[in-house]
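>>> only geometry, no sequence info:
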């Protein structure tokens with residue numbers, strides 16, 4: 001069982017703790033009074049609780065906003081038709097894509113075992129429940145930035161190769177990242193060439209938000225100033241699938257991806273993301289990716305704060321709540337202040353993920369709860385149903401105040 005926490009961007013340190021319960025638990029933490037809605041367990045076993053709760057909250061909020069209903073609402077027609085990106089897992093079943101599009105879905109990407117779509121929230125359950133071949137629906141896995149340090153030329157003595165005429169001439173290199181803010185300035189300064197080819201798979205603009213991709217591209221350009229650069233912006237797994245398909249079709253020879261994500265598979269080299277990387281490798285592409293960036297452990301006020309925990313489910317007092325340490329039914333996690341190059345906040349969310357060794361279809365049902373460290377109030381939960389047809393994953397994303 002793994003619990004992972006992404007890097008988070010806050011103006012102050014936030015400490016919370018996690019509790020994990022098993023299916024037979026009769027201890028169900030109550031939502032705090034500040035919670036807008038209480039959905040202690042996923043309603044639809046064919047959707048992740050994060051997606052299920054998003055549909056519930058958005059449709060309920062829309063109904064409350066217009067005074068259609070009062071009190072704790074049931075599911076209602078969504079009043080906001082903005083499309084949401086969803087991953088439909090097909091487990092290699094044949095799916096008629098026209099059945100999805102006829103119900104308001106737009107196909108974003110298609111891989112073996114899954115289809116990525118964008119559609120209004122109030123149409124998702126209809127697709128999940130009524131389109132043959134769809135086994136499970138969830139929100140796409142997000143990608144996160146990893147570290148950047150540019151000392152490659154001096155450490156590798158690459159300048160000697162440059163002087164000998166080895167500059168990467170004729171080689172196509174793709175930099176896949178979450179943003180290329182500052183690209184124009186880098187090109188004006190000569191840190192990146194104007195000839196760089198760009199693609200934005202997010203629809204939010206190539207140069208918005210992050211400078212991380214620009215910095216990574218500068219490192220590649222330092223090392224191989226004669227190479228043809230392709231700058232590809234992504235945000236989630238659907239974008240990654242499209243970006244890798246582009247690399248295969250375009251004859252890219254090297255991919256640099258200083259980004260990471262979690263939960264796309266059991267962590268043994270299999271899973272949807274691993275499979276598309278295997279396809280790229282078979283096409284002759286060398287993929288160079290970040291790894292191990294969340295292995296650090298910190299300490300705050302004497303508490304060990306780690307970004308990764310691994311172990312077996314322990315319940316010495318038989319109350320169906322996991323003990324991370326003997327007698328401790330919680331694991332403390334913390335958010336550290338992270339800012340962009342101008343000193344401003346980039347994000348204000350934290351993602352916590354748990355996976356366990358029960359692939360591909362979990363028969364053991366775990367739930368996960370996130371509490372505020374100071375008040376013990378429940379902040380979020382992940383309560384997917386696992387009854388033999390769902391992946392062994394629980395994931396929750398929390399929006400926190402600056």
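Thanks, I have it. None of these values were measured; they are calculated from a predicted model.
>>> list the buried ones in stretch 260-274?
Using 16 or more other Cβ atoms under 10 Å as the test for burial, stretch 260-274 gives 260, 261, 262, 263, 264, 265, 266, 271, 272, 273. C-beta: built from backbone N, CA, C; applies to glycine.
>>> low pLDDT regions in the stretch 151-300 of the chain?
Applying pLDDT under 70 to the stretch 151-300 of the chain flags the ranges 151-154, 294-300.
>>> what are the ranges of the helices in it?
With DSSP state H, counting those that start in this stretch, the ranges of helices along the stretch 151-300 of the chain come out as 152-156, 158-163, 183-188, 212-223, 237-250, 272-282.
>>> Show me which of the ones you listed has the highest average neighbour count.
Of all those, helix 212-223 carries the top mean neighbour count, a mean of 22, counting by mean count of other Cβ atoms under 10 Å.
>>> Pull the residues that contact that helix.
With contact meaning Cβ atoms under 8 Å, 6 or more residues apart in numbering, helix 212-223 is reached by 145, 148, 150, 152-153, 156, 158, 168, 173, 175, 177-183, 186, 191-193, 196, 227, 229, 231, 233, 256, 258.
>>> try 7 Å
With contact meaning Cβ atoms under 7 Å, 6 or more residues apart in numbering, helix 212-223 is reached by 145, 148, 150, 152-153, 158, 173, 175, 177-183, 186, 191-193, 229, 231, 233, 256, 258.
>>> Narrow the residues you listed to just the buried residues.
145, 148, 153, 158, 173, 175, 177-183, 186, 191-192, 229, 231, 233, 256, 258.
>>> So which of those residues sit within strands?
145, 173, 175, 177, 229, 231, 233, 256 (DSSP state E).
>>> List just the nearest of these to residue 205.
Within those, proximity to residue 205 (Cβ to Cβ) peaks at residue 233, which comes in at 8.2 Å.
>>> Test my guess that the closest one contacts residue 180.
Yes - under the criterion of Cβ atoms under 7 Å, residue 233 makes contact with residue 180 at 6.3 Å.
>>> anything in contact with each of these two?
Residues touching both residue 233 and residue 180 (Cβ under 7 Å, 6+ apart) are 206, 213.
>>> Reformat the helices of the stretch 151-300 of the chain as TSV; add distance to residue 396.
Converted to TSV, the helices of the stretch 151-300 of the chain look like this (distance: least, Cβ to Cβ, whole Å):
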stretch	distance to residue 396
helix 152-156	37
helix 158-163	43
helix 183-188	34
helix 212-223	25
helix 237-250	17
helix 272-282	20
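>>> out of those helices, which comes closest to residue 318?
helix 272-282 (37.4 Å).
>>> Could you give the number of residues near residue 286?
By other Cβ atoms under 10 Å, 12 other residues sit near residue 286.
>>> So what pairs up with the residue nearest to residue 243 when sequence neighbours are not counted in the strands?
With Cβ to Cβ, 6 or more residues apart in numbering as the criterion, residue 243 has its nearest non-adjacent residue at 4.5 Å, and that residue is residue 232. Under the criterion DSSP bridges, residue 232 forms beta bridges with residue 176, residue 199.
>>> quick one, what contacts residue 232?
Neighbouring residues of residue 232 by Cβ under 7 Å, 6+ apart: 174, 175, 176, 199, 201, 243, 246.
>>> Relative to residue 128, which of these is nearest.
Checking those against residue 128 by Cβ to Cβ gives residue 201 as the nearest, at 24.6 Å.
>>> ok, for that closest one, nearest residue in space, not its chain neighbours?
Excluding the flanking residues, the one nearest residue 201 by Cβ to Cβ, 6+ apart is residue 239, at 4.0 Å.
>>> just residue 129 next, same as before
Excluding the flanking residues, the one nearest residue 129 by Cβ to Cβ, 6+ apart is residue 46, at 7.1 Å.
>>> Share the number of residues neighbouring residue 376, please.
Using other Cβ under 10 Å: residue 376 sits among 11 other residues.
>>> err, residue 321, not the other one
By other Cβ under 10 Å, 19 other residues sit near residue 321.
>>> Residue 384 versus the residue lying closest to it once chain neighbours are set aside, what's the distance?
Using Cβ to Cβ, 6+ apart and skipping residues adjacent in sequence, the residue nearest residue 321 is residue 329, 4.7 Å away. Computed as Cβ to Cβ, to the nearest Å, the residue 329 to residue 384 distance reads 20 Å.
>>> Counting neighbours, what do you get for residue 96?
Look at residue 96: counted by other Cβ under 10 Å, it has 11 neighbours.
>>> Provide the backbone phi and psi angles at the closest residue to residue 397 other than its chain neighbours.
Nearest residue to residue 397, sequence neighbours excluded (Cβ to Cβ, 6+ apart): residue 351, at 4.6 Å. Residue 351 adopts backbone torsions of phi -120, psi 130, taken as degrees, to the nearest 10.
>>> got the residue ranges for the strands in the stretch 51-200 of the chain?
With strands called from DSSP state E, counting those that start in this stretch, the stretch 51-200 of the chain shows them at 83-89, 106-111, 114-120, 136-138, 144-145, 172-177, 197-200.
>>> ranking these by burial, who's on top?
strand 172-177 (a mean of 25).
>>> That strand vs helix 272-282, what angle?
Compare the direction of strand 172-177 with that of helix 272-282 by axes from the mean of the first three to the mean of the last three Cα atoms, to 10 degrees and you get 170 degrees.
>>> Contacts made by strand 172-177 with the rest, please.
By Cβ under 7 Å, 6+ apart, strand 172-177 touches 212-213, 216-217, 220, 224, 227-234, 243, 247, 250-259.
>>> Does residue 49 touch residue 380 like I think?
No - Residue 49 is beyond contact range of residue 380, at 10.2 Å (criterion: Cβ under 7 Å).
>>> Look at these two and report which has more neighbours.
residue 49 (25 against 20).
>>> Backbone torsions only: list them for that one.
Dihedral angles for residue 49 - degrees, to the nearest 10 - are phi -70, psi -30.
>>> again with residue 196
Residue 196 adopts backbone torsions of phi -60, psi 130, taken as degrees, to the nearest 10.
>>> contacting residues around it?
Contacts of residue 196 (Cβ under 7 Å, 6+ apart): 229, 231.
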